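Peer 1: Below: sequence and its predicted model.
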Amino acid sequence: MNLIRRCLTALAALLALTVIPPTALTAGTGLPVPFLPTPPQIDGVLDASLAGLPAVPFGKVEATDSRGAIVPANYRLAYGATFLYLYIEVADGHPVHRDRSYQNGDGFHLVLAVPQPDGAPSREFYVLGFAGGNGGGDFLHQFVWYHDVDLAFTPLGEVVRFAQHSTEGKTGYELLLPWSEVPPYHPWVSPAIGFNLCFVKAVGTKDKVYHYIHADDLIQDEQSPRLSEPLEFQSPVLTEGQQTVLLPDRNNCRAGETVTATQVTLAAGAMKVPLNIRLRTGDGVAIDDESEFACQPGLNRRRLELPTGGLPSEGIRFQWSTRGAVVEGESPLSILPAVSPDEWRARLTAASHSLAPASHTTLEFRLAQIETQLAALKPWRPCGKLRLEIAEFARLLERAERGQDAIAERRGLLRRAFRSAVDGSLQPYSANVPGDLDRNQRYALLMILHGSGQEDVGLLDNLPLFPGTIMMAPRARGTSNWYVGDHAQEDIAEALADVMANYPIDPQRVILAGFSMGGYGVYRTFFETPGKFRGLMVLAGTPRLPGGAGYPTAVDFTLKKNLKKFRGVPIFIAHGTADLNCAFALTESLVGKLKECGARVEFLADPGAGHGVSPAMLRGSAAWLAKQLSSDAPQP
């Protein structure tokens, strides 16, 4: 306890003190962003006090159908010490909200990015999606769509305020985005922040009009950099009091490292600002430290340091406030244990006699993943999952050294790996194994293929385990290869062989399922190896690659000549009629052609459902699966 208190006392020590006069924060000709001393009310209606914010027309408008009328739209930007403010006004009082409105209309997505020289696209960014309407409890109403080049699909916190309001002749969309939701971006510490915005207006039944600040054909694509325009944050001014933010330079560190933070205080005049810092550990211990910051009018900045020696390796809550809680905040701090991958690798080799070959390979993969994640870890990214993975690997290694194979014994959700015969690389897959696994019993296997932008991690987490069934999900070498490129088919075959070699699976009861891109993967995988699967399940899938996917070896399953192998095969297909990402009409046509070719198709068309797995689809797929796995089900 005394050691922790000394660490917090050290936090109050100044590394440097810089007083910044009230001049422009960023130079250049970027998009101007005025300062607001207080956050506006968020109700979809522009506050009267904000009428002076410049209404900026979108720089580029593109329509999927040139015959449609273009509805005018503009946007307004502002910022505060703790938030970014956006107001979009559309000259249409009757908005249309469709499946995934943030990309299909009416809704919008925005980009915050690290600008690159000469306006080049950046690989460091957020893409946030906001769907119009009331949200209906769907987290896709406001969420992180992409983080850097990876698909995120994570909900934004409740502190994000977003509202829509329509009157005769216009609709307003209003957003208050706390800077705390998009670390490390903040106008008072970031060298520069890039911004892009795309409002999507629905036209007719399926067409769209895109309103861009900066036209970017890749703004909706995974594994792609993004374009943005620099923001020019105008000088903040207060007429009374002060506003303070405390921004850690990093949200993770190794045990014993020093973490630095920047305190920025906007002061109306000369004053001393008391700052209280609290460190809250996992067991609820709260330690307080307070210091004073002598400030001049304008922006004032000082650097603080926190030596972490002696602090436990765990997740820490780093909390701060000014006296009277004018502004307060909190940041996570993950303290990672000291790790020596080379030492662990040597210990794993020495303990290999206690492990089945597949278990040893899985631990090799997990160690390689830890090493890769440590090397790629960005300072501002919390890493609670990595910290837990390190602790878990240490426990598994210690058990192996005691002669126990914890991987082979594990039940429930787990991630395994095999060494590929294609190139010798370590490749993972996820599995869910019944807790009461009986190795004298044969189990059915449900293999699930992930959708575009996803991988196997997390795919099985919320899926119920059907009685007498093992589930698995291959990574297939990537997130968006359409199960055509990157040795995806070889990976599926090798993952299937590995899970069957390590668990008592009945090879005559293997069901292949997939959602969206994974639906195409089901068709393609069965086309390649039809003898391996008893039945197929496709949810909101597509029978052919979208235009521009770029795989010349792709097979078009809308053509009857490619459906002959499906004769006699049980197939469950479910699709929402309002799906605008994978066309319902294509699936409906495919079902007819499959039946003509002799496939035993059960088709569920869910009226009004969009691109997702609806409750009706889940119920239908569960009933179909039960029939296929029953002892008297006809063989394909």
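Peer 2: Right, received. Where do you want to start?
Peer 1: tell me the domain ranges of this structure?
Peer 2: 2-20+237-336, 31-233, 339-409, 419-629 (automatic domain parsing).
Peer 1: By mean pLDDT, show me the worst of these.
Peer 2: Lowest mean pLDDT of these: domain 2-20+237-336, a mean of 79.
Peer 1: any chance of the domains of the chain in TSV, plus mean neighbour count?
Peer 2: In short, each C-beta sits where N, CA and C put it, glycine included. Output for the domains of the chain, formatted as TSV (neighbours: other CB atoms under 10 Å):
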stretch	mean neighbour count
domain 2-20+237-336	17
domain 31-233	18
domain 339-409	16
domain 419-629	19
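Peer 1: Secondary structure element for residue 272, which one?
Peer 2: strand 271-280 (DSSP states H and E).
Peer 1: Can you tell me how far the residue of the chain most remote from its centre is from residue 296?
Peer 2: Most distant residue from the mean C-alpha position of the chain: residue 270, 43.7 Å away (CA atoms, centre = their mean). Per CB to CB, to the nearest Å, residue 270 is found 6 Å from residue 296.
Peer 1: shared neighbours of the two, anything?
Peer 2: Common contact partners of residue 270 and residue 296 (CB atoms under 8 Å, 6 or more residues apart in numbering): none.
Peer 1: residues contacting the residue farthest from the centre of the chain?
Peer 2: 295, 296, 297.
Peer 1: just to revisit the earlier point, strand partners (parallel or antiparallel) of the strand holding residue 272?
Peer 2: According to DSSP bridges, strand 271-280 forms sheet pairs with strand 286-295 (antiparallel), strand 315-322 (antiparallel).
Peer 1: could I get stretch 115-127 in CSV with only the CA atoms?
Peer 2: In CSV, the C-alpha atoms belonging to stretch 115-127 read as follows (Å, rounded to 0.1, in the frame of the first residue of the first chain):
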residue,chain,number,x,y,z
PRO,A,115,-3.9,12.4,-41.6
GLN,A,116,-1.1,11.3,-43.9
PRO,A,117,1.3,13.5,-46.0
ASP,A,118,-0.1,14.7,-49.3
GLY,A,119,-3.6,13.5,-48.4
ALA,A,120,-2.8,9.9,-48.7
PRO,A,121,-5.2,7.4,-47.1
SER,A,122,-4.5,6.4,-43.5
ARG,A,123,-4.5,3.0,-41.9
GLU,A,124,-5.1,4.5,-38.5
PHE,A,125,-8.7,5.5,-38.1
TYR,A,126,-12.2,4.9,-36.7
VAL,A,127,-15.3,4.5,-38.9
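Peer 1: Tell me the spacing between the nearest residue to residue 556 once chain neighbours are set aside and residue 184.
Peer 2: Take residue 556 and drop its neighbours on the chain: the residue closest to it by CB to CB, 6 or more residues apart in numbering is residue 544, 4.5 Å away. To residue 184, residue 544 is 41 Å away according to CB to CB.
Peer 1: can I assume residue 78 is in contact with residue 53?
Peer 2: Yes. Assessed by CB atoms under 8 Å, residue 78 is found in contact with residue 53 at 5.8 Å.
Peer 1: out of everything not next to it in sequence, what's closest to the residue nearest to the spatial centre of the chain?
Peer 2: The structure's the chain has its C-alpha centroid closest to residue 152; by CA atoms, centre = their mean the separation is 1.1 Å. Leaving aside its chain neighbours, residue 152 sits nearest to residue 144 (4.3 Å; criterion: CB to CB, 6+ apart).
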